[in-house]
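Visitor: Return atomic coordinates for the entry below.
(one chain, ligands or ions: 2)
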Amino acid sequence: MSDKIVCSVVVPLYNEEEVILETYKRLKKVMDSTNESYEIIFVNDGSRDKTEEMAHEICNNDPKIKLINFARNFGHQIAITAGMDYAEGQAIVVIDADLQDPPELIPKMLEKWKEGYDVVYGKRLAREGETFFKKFTAKVFYRFLRKMTDVDIPVDTGDFRLIDRKVAEALKLVNERNRYIRGIISWLGFKQIGVEFNRDKRFAGETKYPLKKMLKFAFDAITSFSYKPLKLASYMGFFLSFFSFIYLLVVLYTKLFSKSFVQAGWASTLAVSLFFNGITLIILGIIGEYIGRIYDEAKGRPLYIIKETKNFSEDKKDKIT
Ligand code: UDP
Ligand code: MG
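Guide: Ligands and ions are numbered 1, 2, ... in the order given. Down below sits the predicted model:
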């Protein structure tokens with residue numbers, strides 16, 4: 001059965017006990033209806049609830065469902081990477097576990113793939129049941145990222161997409177630790193197309209992307225595709241030196257040629273000094289973000305550590321990373 005899998009579906013799971021069963025049922029129904037051979041790969045990203053147990057149970061009853069169990073929480077993007085590394089299908093679909101991305105779109109993606117597209121990404125038209133804050137920040141972020149980078153990353157798309165086997169193989173060559181996968185896939189090139197959908201609200205449970213993770217994700221995206229923020233220091237330096245010089249001329253002129261005093265107030269001095277200290281710290285912080293990432297790369301640790309796998313063919317079993 002497993003020698004010719006057409007479609008692999010990769011589902012990252014982090015504390016999803018409330019949704020995993022429903023997700024499995026809906027995915028199974030859709031995949032059965034396609035009449036293609038398929039596998040569904042659950043990647044349990046170090047969940048601390050019953051996700052792991054439940055995934056095991058599903059795998060015991062259905063050999064088409066496979067499980068990769070991480071040794072701890074490595075993060076969404078890494079979970080997707082592991083799933084893609086292990087997938088055997090000719091096409092690989094990545095989908096969130098919370099049913100915000102409708103599984104019913106997969107047959108349409110497969111259709112486009114059969115027409116010859118190598119990447120079929122889901123483009124979000126509306127996002128339901130998400131806070132104004134999330135929608136607003138996402139909208140601004142995708143557009144800002146587009147301005148910052150030279151890579152053509154489609155706006156309002158998540159990781160819900162289908163990729164062809166050759167794209168997955170190319171992706172394996174990209175070994176970055178702090179990954180922004182949807183960006184990397186755009187960077188790879190290939191023939192891409194979007195299919196539109198309305199993003200539902202989470203089936204149950206809460207978002208696993210709190211503000212802290214969102215910020216890290218945003219920084220990863222920007223730093224891995226652009227060094228424009230680093231240029232900020234030089235631009236600001238030139239800009240401020242220019243104005244300081246003009247101001248110096250004004251002071252000199254006042255001192256030499258006019259009768260009025262040059263006023264030196266401590267309040268204004270303090271304000272200016274605080275302002276520039278702030279700017280300096282921000283720029284140091286930006287440099288720090290890049291250096292931290294260089295440090296991560298330099299250590300060269302494996303992307304993920306796997307505790308166990310289930311229902312995979314023999315040759316995949318021994319891999320631990
Ligand atoms: N996820 C994960 N590891 C994490 C955080 C999230 O595998 O550390 C998974 C999560 O289980 C879900 C997907 O990533 O399947 C997207 O997460 P979520 O729906 O919470 O994000 P949102 O849709 O709110 O941006
Ligand atoms: Mg979600």
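Visitor: Tell me which stretches of the stretch 151-300 of the chain form helices.
Guide: 165-172, 181-188, 211-225, 228-257, 266-299 (DSSP state H, counting those that start in this stretch).
Visitor: so which of those comes closest to ligand 2?
Guide: Closest to ligand 2 of those is helix 211-225 (CB to the ion; 11.9 Å). Using the backbone N, CA and C atoms, a C-beta is placed for each residue, glycine as well.
Visitor: Next, the angle from that closest one to helix 266-299.
Guide: 70 degrees (axes from the mean of the first three to the mean of the last three CA atoms, to 10 degrees).
Visitor: For helix 211-225, buried residues please.
Guide: By neighbour count with 16 or more other CB atoms under 10 Å, helix 211-225 contains the buried residues 214, 217-225.
Visitor: Also stretch 150-160?
Guide: 151, 153-154, 156-160.
Visitor: Same question for stretch 48-66.
Guide: 51-52, 54-56, 58-59, 64-66.
Visitor: Kindly export that stretch (C-alpha atoms) in CSV.
Guide: The C-alpha trace of stretch 48-66 is given here as CSV (Å, rounded to 0.1, in the frame of the first residue of the first chain):
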residue,chain,number,x,y,z
ARG,A,48,1.4,18.5,27.4
ASP,A,49,-2.3,17.4,27.2
LYS,A,50,-3.9,14.2,25.9
THR,A,51,-3.0,14.8,22.2
GLU,A,52,-0.2,12.2,22.3
GLU,A,53,-2.4,9.4,23.7
MET,A,54,-5.2,10.3,21.3
ALA,A,55,-2.9,10.3,18.3
HIS,A,56,-1.6,6.9,19.3
GLU,A,57,-5.2,5.5,19.5
ILE,A,58,-6.1,6.9,16.1
CYS,A,59,-2.9,5.3,14.6
ASN,A,60,-3.7,2.0,16.2
ASN,A,61,-7.0,1.9,14.4
ASP,A,62,-6.0,3.3,11.1
PRO,A,63,-2.6,2.4,9.5
LYS,A,64,-2.9,5.3,7.1
ILE,A,65,-2.4,7.7,10.0
LYS,A,66,1.3,8.1,11.0
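Visitor: A82 contacts Y304, doesn't it?
Guide: Yes - using CB atoms under 8 Å, A82 is in contact with Y304, at 5.2 Å.
Visitor: Which one's more surrounded, the two?
Guide: A82 (24 against 21; other CB atoms under 10 Å).
Visitor: any idea which of the helices of the stretch 151-300 of the chain is most buried?
Guide: helix 181-188 (a mean of 20; mean count of other CB atoms under 10 Å).
Visitor: which SSE is the closest residue to S33 other than its chain neighbours in?
Guide: Of all residues beyond its chain neighbours, the one nearest S33 is P107 (7.0 Å), with distances taken as CB to CB, 6 or more residues apart in numbering. P107 belongs to helix 106-114 when assigned by DSSP states H and E.
Visitor: Likewise for K135?
Guide: With DSSP H and E as criterion, K135 is part of helix 132-148.
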